[in-house]
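**Q** 3D model of this:
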Amino acid sequence: MKRGFLNKGASARRLTTTKSSATSGSDSAEKPMQLSRAGKDTVVAATQGSKFQFSGVCRLHSNSPRIIVSDYRIPSFYATHFLYLPSADNATMVYIDSLKGVQTVSAWPLWTQPAPSPPANPPFEIRECDDKGLGMIALRRIARGEVIVRQRPLLFSHPTLHINPDQMHTFFESALAGLSPDTQSAFNSLRNAQLETEDVPRSRGIILTNALATQVPQSHDPTANYNAVFASLSRANHDCSPNAHYSFSAGTFTGRLTALRIIQPGEEITLGYTDIELPRAQRRQVLATKFKFDCGCTTCCLSPKKATESDTRRAAIAAFLIRINELNVNTTEGTEPLFPEGASLARASELLRWAEGERLIEAASKLAMAAAGLAYKENNTSETTRLALRAINYLRAEEGNDSPHFVRFARGTGFSPEQMAAKFDSSSDEEMMGPNLNA
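**A** Here you go, the predicted model:
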């Protein structure tokens, strides 16, 4: 899983948007700012009691759905717009995109349905995690494939935004101004790890620190990595061998975390902020540069000898998966997979054991599927079956026990998804993955 990033361009700048509480946003404007529709007399006020305020170049485009043009000086076709959902009176999310983008999203029927309610007894709590600040801590045992949390984002932004240089400091404050006070408070409570500058005010720093890269197939730009900021989900801290997987459901417009392995009570729930197959030095450099912390996870604290061994394993895993991806990037579902010249079941199985030993579950899922394909090519029926089941077990840990793929598989074997998950979960993590090579 990768986080999103924000880079500066030129002229009317095009921004590419890729965690401790701090002071809240500006409280300087006690009176709500008035927004007038360009060319008309319609007037709409910002949310009463807002911590953020619309800038003077914002204009009302429509009230139902509530759409604000961020800068009336930019032609409407190019201008960035703010869409407030689910309604203007109680907006809990702002969607930032072109006019075409926000109009496409506003027409989706899902907004007539309530957002998923949090469980009465959530499996985690947000609290201090040693020297990391706030994080997610398991309150009970969480099973592989269990959905830990699902929620809609507070802010969802296209990676390419048109912003005039004089609006760099106020752009995201304007986007947040139309949200309900409670939603603004939730956003403001997230950590800002960035140095505040004229171009990087606190609101943008919070986005840089907390945004998760997300693709939305039904959007007008399905290949773009949108940036999503969540109230709870964005609290998950980094680990180079994470125990949770982030995904996004366009059908409900919710982000979710699923448990990649069994998580014990009191254990921290973690994600990977960067490419965790990278060597330790590169991972730590990325994390220090972009997220302003020195990673102290178990893998990063290995002895020099063990760290070198871990780097060697991760590099080999990454190289193999890159070659597999390059060969199969344009293949369709159901097509027989292609493998690099010289690839063998023995090598794929070795890499799978390494991924399991490194606790790289997402990589193990892909390697188990590749190994099953190679076993099939070698007419090794028993290994094909064993490895295919292993791949399904890892895949359902990523996608969740309620994923369509796992549900179809379970029902195809005559079991319910719950029964099949219980069968898979009859083995412990150690039995399933073998010894932790970095323990």
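
**Q** buried residues in the lengthiest helix in the chain?
**A** Across the chain, the helix with the greatest residue count (assigned by DSSP state H) is helix 304-328. The neighbour-count check on helix 304-328 (16 or more other Cβ atoms under 10 Å) flags 307, 310, 311, 313, 314, 316, 317, 318, 320, 321, 324 as buried. Where you see a C-beta, it was placed from the backbone N, CA and C, and this is true even at glycine.

**Q** so who does residue 158 touch?
**A** Residues in contact with residue 158 (Cβ atoms under 8 Å, 6 or more residues apart in numbering) are 17, 80, 96, 97, 98, 101, 221, 224, 226.

**Q** so where is this structure shaky, pLDDT-wise?
**A** Applying pLDDT under 70 to the chain picks out residues 1-50, 334, 429-431.

**Q** and it, what are its domains?
**A** With automatic domain parsing as the criterion, the domains of the chain are listed as 13-114+152-235, 280-433.

**Q** winner for burial among these?
**A** domain 13-114+152-235 (a mean of 19; mean count of other Cβ atoms under 10 Å).

**Q** What is the distance between stretch 195-203 and the centre of its chain?
**A** Remark: stretch 195-203 is offset 23 Å from the chain centroid, using Cα atoms, centre = their mean, to the nearest Å.

**Q** quick one: the closest residue to residue 270 other than its chain neighbours from residue 141, how far?
**A** Of all residues not flanking residue 270 in the chain, residue 239 sits nearest, at 3.6 Å (Cβ to Cβ, 6 or more residues apart in numbering). As judged by Cβ to Cβ, to the nearest Å, residue 239 and residue 141 stand 19 Å apart.

**Q** Now residue 255. Its backbone dihedrals?
**A** phi -90, psi 150 (degrees, to the nearest 10).

**Q** Residue 167 versus that one, what's the distance?
**A** Computed as Cβ to Cβ, the residue 255 to residue 167 distance reads 28 Å.

**Q** can you check residue 403 too?
**A** From residue 403 over to residue 167 the distance is 41 Å, taken as Cβ to Cβ.

**Q** do residue 241 as well
**A** According to Cβ to Cβ, residue 241 stands 41 Å off from residue 167.

**Q** next one: residue 312
**A** From residue 312 to residue 167 the distance is 48 Å (Cβ to Cβ).

**Q** that older thread, can you add distance to residue 251 and give the domains of the chain back as CSV?
**A** Putting the domains of the chain into CSV (distance: least, Cβ to Cβ, whole Å) gives the following:
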stretch, distance to residue 251
domain 13-114+152-235, 7
domain 280-433, 10
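
**Q** closest one to residue 439 among those domains?
**A** The closest of these to residue 439 is domain 280-433. By Cβ to Cβ, the value is 8.0 Å.

**Q** show me what contacts the closest residue to residue 103 other than its chain neighbours?
**A** Of all residues not flanking residue 103 in the chain, residue 67 sits nearest, at 7.6 Å (Cβ to Cβ, 6+ apart). Residues in contact with residue 67 (Cβ under 8 Å, 6+ apart) are 60, 61, 81, 82, 83, 84, 99, 102, 103, 106.

**Q** hmm, back to that, from the contacts of residue 158, pick the one nearest residue 346.
**A** Relative to residue 346, the closest of the contacts of residue 158 is residue 224; by Cβ to Cβ it sits at 39.9 Å.

**Q** would that closest one count as being in a helix?
**A** No - applying DSSP: H, G, I helix; E, B strand; the rest coil, one finds residue 224 to be coil, outside a helix.

**Q** Look up the closest residue to it, ignoring the ones flanking it.
**A** Distances taken as Cβ to Cβ, 6+ apart place residue 159 nearest to residue 224, at 5.6 Å, with adjacent residues excluded.

**Q** show me where the stretch 51-200 of the chain has helices.
**A** For the stretch 51-200 of the chain, the helices defined by DSSP state H, counting those that start in this stretch cover 99-106, 171-177, 181-188.

**Q** Is residue 278 in a helix, a strand, or coil?
**A** coil.

**Q** And the strands in the stretch 201-350 of the chain?
**A** Using DSSP state E, counting those that start in this stretch, the strands of the stretch 201-350 of the chain run over residues 212-214, 226-229, 237-238, 244-249, 254-259, 268-271.

**Q** what sits up against the second one?
**A** Judged by Cβ under 8 Å, 6+ apart, the contacts made with strand 226-229 from elsewhere in the structure are 4, 17-18, 153-159, 187, 190, 206-207, 210-216, 219, 248, 255.

**Q** same deal with the fourth one?
**A** Outside of strand 244-249, the residues within contact range by Cβ under 8 Å, 6+ apart are 1, 148, 150, 212, 214-216, 228, 233, 236, 254-260, 263, 269-271, 361-362, 397-400.

**Q** same question, the last one
**A** Residues from elsewhere that reach strand 268-271, judged by Cβ under 8 Å, 6+ apart: 1, 124, 129, 135-138, 142, 148, 236-239, 242-246, 257, 259, 263, 297.

**Q** Residue 356 is nearest to which of the helices of the stretch 51-200 of the chain?
**A** Comparing the helices of the stretch 51-200 of the chain under Cβ to Cβ, the one sitting nearest is helix 181-188, at 37.3 Å.

**Q** Tell me how far that closest one lies from the chain's centre.
**A** Put simply, helix 181-188 sits 20 Å off its chain's centre (Cα atoms, centre = their mean).

**Q** Tell me which other helices or strands it touches.
**A** For helix 181-188, the packing partners by 3 or more Cβ pairs under 8 Å, 6 or more residues apart in numbering; DSSP states H and E come out as helix 202-210.

**Q** list the helices and strands the helix it packs on packs on?
**A** helix 171-177, helix 181-188, strand 226-229.
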